[in-house]
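In: this is a predicted model, with the sequence first.
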Amino acid sequence: MSDHRAAARHHTLRTGIVAFDNGTGSTISVPCTIRDVSASGARLQLNSSAWVPEQFAVIFGSGLRKDCRLAWRRERLIGGAFADGYASAEEQAAMMTADEQSRHRLGIGARVKAARESRGYTETQLAERIGVTSGFVAQAEQGEADIPLYQLMHIADLLMVGLDGLVAGPVPEDVDAA
């Protein structure tokens, strides 16, 4: 649960729907405001005081449907952890605007740079070890390029940091990537 709560959230304030089986085979659909999302879940504000079970689905405006399990509840505000773990890049694109995606890339880049520097690697050394150009590493660290998951996994192993920390950990203070 702590992995889901620690994930970097991206504020959205979009409408969506929480859908669940009411136990009799009927589906209940409750309008909600999707307050923020991360790769691991969403924080939702229900537009009514409807009870929500432990298992439900969030339907985004784009039509994307993500099965969730209830992570926490505070009155009409609930946290949903994605049942299948992390959202894919395509799913995240459907959940976040281009600006939100840009801030997310910048955060990942800043965390990669901080981890690289703390281990004493230069951009060139990291690039050689993961099989890319130093220009790509520079662009990725500045949030100008997406780092594929397989390369993030390699970077995490090489720099001896957790993948979760690179993707959703705290952003270094000198970076504006809320």
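Out: Now that the structure is in, tell me what you want to look at. Numbers count the residues shown, from 1 in each chain.
In: any idea how far Arg103 is from the residue in the chain sticking out farthest from the centre?
Out: Residue farthest from the centre of the chain, counting by CA atoms, centre = their mean, is Thr24 at 33.4 Å. Using CB to CB, to the nearest Å, Thr24 is found at 43 Å from Arg103. Glycine gets a C-beta too; all of them are placed from N, C-alpha and C.
In: and the pLDDT at the nearest residue to Arg105 once chain neighbours are set aside?
Out: Of all residues not flanking Arg105 in the chain, Gly143 sits nearest, at 4.3 Å (CB to CB, 6 or more residues apart in numbering). The predicted structure scores Gly143 at 91 on the pLDDT scale.
In: ok, Ala87 next?
Out: Note on Ala87: pLDDT of 83.
In: residue ranges with poor pLDDT in the protein?
Out: 1-13, 97, 168, 174-178 (pLDDT under 70).
In: do I have it right that Met160 meets Ser118?
Out: No: the pair Met160 and Ser118 does not pass the contact test of CB atoms under 8 Å, sitting 9.7 Å apart.
In: quick one: list the elements packing against the top helix by length along the chain.
Out: For the chain, the longest helix by residue count, based on DSSP state H, is helix 98-118. When contacts are defined as 3 or more CB pairs under 8 Å, 6 or more residues apart in numbering; DSSP states H and E, helix 98-118 packs onto strand 10-21, helix 89-95, helix 134-141, helix 149-159, helix 163-168.
In: so what's Asp146 closest to, chain neighbours aside?
Out: Asp146's closest residue in space is Arg105 (CB to CB, 6+ apart), at 6.2 Å.
In: residues near that neighbour, how many?
Out: Here the number of neighbours of Arg105 (other CB atoms under 10 Å) works out to 19.
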